[in-house]
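**Q** What follows is a predicted protein model with its sequence.
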Amino acid sequence: MKVTRIITAIIFAVIIAAPILTFNFEENAVSLIDNRKLAVNPFSSEALSSGGDLSNRIEDYIGDRIGYRDDMILAYTILNDKLFNKMVHPSYVYGKEGYVFGAGLTVNETFTEYHLAFADMVKNIQDYCDARNVPFLFVFNPAKPAVLTDYIPAGTNYDRTWVETFLEALDERQVRYIDNTTLLREKTSGGEAVFNQKYDANHWNDLGAYYGTNAMLEELHKDIPSIHVNSFDELTINEKLETSLPVSEFPIHELVPSISIDMSLNTDDTIVYLDELYRHPSFGSFGYFKNEKRKKEGAPRALVFQGSYMNGFGYKYLANGFGEYIYVHDYQNVIDFSYYYNIFRPDCVIFEVAEYTLIPAYFDYDKMCAMDLNPTLQAVENRLSMCETQHLEADALSVEKGKALTIIRWKYMNPADYAWLFMDQEYDMKKTEEGYEVTVPTEAYDQNKKEIQIVISEGDKITTFVP
């Protein structure tokens, strides 16, 4: 009996001690089970600077870092699923008939000044492109609940009127856009699964991406007939078995569409710019594909600001449609639109978003409101009559030269409305604390650096600075 008690005591001691002995002290640790960064040391400088109650910080730290945390969460999640058909995972929620949706995506949105600022930003970008004779298209892609509304969780008061109001705001501004909601609803009604039942609750699937991107290509094909619109006979369509939800070990068993298209037609130039091209630290997706077959057919160079819908599946369809396909993660980066335009000089521009990304975490409100894109110099010259020429001091320019990109900085603190740099063509300069700067292709700088001129507009006067 005594031995049994000792063994029992040892077992319980091990059970109690194991989570403590396996405590997770790793810095910047991320939990895959709920796809978030774990609480930091409550006494670290990061935690202290964030404020808050110390006891709450300690409790959060222990709760996040205790050993076997992910295993316990997974076991609890599976137990609720099997016994009560209840989803308790922090990233997902069950809808009707076993459909899975992203947690929080069915929460009602209210139309606010933020959405008006977003519509103004889209309009500003379109006007910028129109002034340079570059076709522009804004693309609005629906969230899964918008297409599979019949399957959202019972009792959910799903209200999407803010989308209607937002699209009306685009109409009032005469923004050119497509809303893929109707298209994807029609495909769903016809029996095609453009969103999966369970897997990847926050995005369309490969088939939905095919239809959505083809809608983009078809719309721009009206402006540039050499754009290639994909067809089913170019696709290899299979199914893939998914056994767990993304960024989760929650078990499922679902066959989902898996579509491939011949990417051997493309050369990948992403690496050429990857290290030098600025992107927001949290949203760094970037790609540059050249399709020689499409280029020979006259297909254009496209600059596409896109989110996770396109990053996950849609990119390959656009790579097959354009001669050159350059994409940048749109979140926060699109606000610096002219920076990317200066570098890549596209023949057409696409700005794509999913409906649930119209929030400050993805597009900063203050920066959208402050967006002030350069007009063309020609447009300014047409309305101004006073012009003068000044000498451009060589020591006022500094050059940071990279393999692919070169940053040119100009120390000029006098007031100006806009500034342009001229070499082989016109480049917009951006105001900084010490003057102005612009990023240009290094090849263009090497070939034209002796011809640099800078032009500024101030009030009703244009001043050209020459070497």
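**A** Cool, the structure landed. Bear in mind the structure is a predicted one, so any value in this text is a computation, not a measurement. Numbers count the residues shown, from 1 in each chain.
**Q** how near is residue 233 to residue 119?
**A** 39 Å (C-beta to C-beta, to the nearest Å). In this view, the C-beta of every residue, glycine as well, is placed from N, C-alpha and C.
**Q** Pick out whichever of those two has more residues nearby.
**A** Legend: neighbour count by other C-beta atoms under 10 Å for residue 233 and residue 119, higher for residue 119 (24 against 5).
**Q** And the more buried one, how close does it get to residue 173?
**A** As judged by C-beta to C-beta, residue 119 and residue 173 stand 6 Å apart.
**Q** same question, residue 459
**A** From residue 459 to residue 173 the distance is 28 Å (C-beta to C-beta).
**Q** So between these two, which is more surrounded?
**A** residue 173 (16 against 10).
**Q** so the more buried one sits right up against residue 120, yeah?
**A** Yes - using C-beta atoms under 8 Å, residue 173 is in contact with residue 120, at 7.3 Å.
**Q** Could you measure from residue 352 over to residue 378?
**A** In terms of C-beta to C-beta, residue 352 sits 30 Å off from residue 378.
**Q** Please identify which of the two sits among more neighbours.
**A** The neighbour comparison of residue 352 against residue 378 (other C-beta under 10 Å) goes to residue 352, with 26 against 9.
**Q** Which residues are in contact with that one?
**A** Residue 352 sits next to 138, 139, 141, 216, 304, 305, 306, 307, 309, 310, 314, 330 when contact means C-beta atoms under 8 Å, 6 or more residues apart in numbering.
**Q** Tell me the secondary structure at it.
**A** strand (DSSP: H, G, I helix; E, B strand; the rest coil).
**Q** Next, work out how far apart it and residue 375 are.
**A** 26 Å.
**Q** Repeat that for residue 338.
**A** Relative to residue 375, and taking C-beta to C-beta, residue 338 is found at 11 Å.
**Q** Where does pLDDT dip in this protein?
**A** 1-23, 28-40, 42, 45-52, 57, 59-89, 104-108, 384-385 (pLDDT under 70).
**Q** change it to 50
**A** 15, 84, 106 (pLDDT under 50).
**Q** show me what contacts residue 411?
**A** 396, 397, 398, 434, 435.
**Q** Which of those fall in strands?
**A** The members of these that map onto strands under DSSP state E are 397, 398, 435.
**Q** Return the member of those nearest to residue 164.
**A** Nearest to residue 164 among the ones in strands among the contacts of residue 411 is residue 435, at 45.1 Å by C-beta to C-beta.
**Q** The closest one touches residue 414, doesn't it?
**A** No - using C-beta under 8 Å, residue 435 is not in contact with residue 414, being 9.3 Å away.
**Q** Please identify which of those two sits among more neighbours.
**A** Each of residue 435 and residue 414 has its neighbours counted (other C-beta under 10 Å); residue 435 has more, 19 against 8.
**Q** In contact with that one, which residues?
**A** 396, 409, 410, 411, 412, 413.
**Q** That one pairs with what?
**A** residue 411, residue 432 (DSSP bridges).
**Q** Between the two ends of stretch 186-194, what distance do you get?
**A** 10 Å (C-alpha to C-alpha, to the nearest Å).
**Q** what comes into contact with it?
**A** 147, 148, 184, 195, 204, 205, 207, 208, 211, 257.
**Q** what would these look like in a markdown table with secondary structure?
**A** Below are the contacts of stretch 186-194 laid out as a markdown table (three-state DSSP):
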| residue | secondary structure |
| --- | --- |
| 147 | helix |
| 148 | coil |
| 184 | helix |
| 195 | coil |
| 204 | coil |
| 205 | coil |
| 207 | helix |
| 208 | helix |
| 211 | helix |
| 257 | strand |
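**Q** Which of those residues are buried, as a ChimeraX select command?
**A** ChimeraX command restricting the contacts of stretch 186-194 to the buried ones, with burial defined by 16 or more other C-beta atoms under 10 Å:
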select :147,148,184,195,204,205,207,208,211,257
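**Q** burial measure for residue 242, as a count.
**A** Neighbours of residue 242 under the rule other C-beta under 10 Å: 17.
**Q** How about residue 151?
**A** The burial count for residue 151: 19, using other C-beta under 10 Å.
**Q** That one against residue 93, yeah?
**A** No - proximity of residue 151 to residue 93 does not meet the contact threshold set by C-beta under 8 Å, at 11.5 Å.
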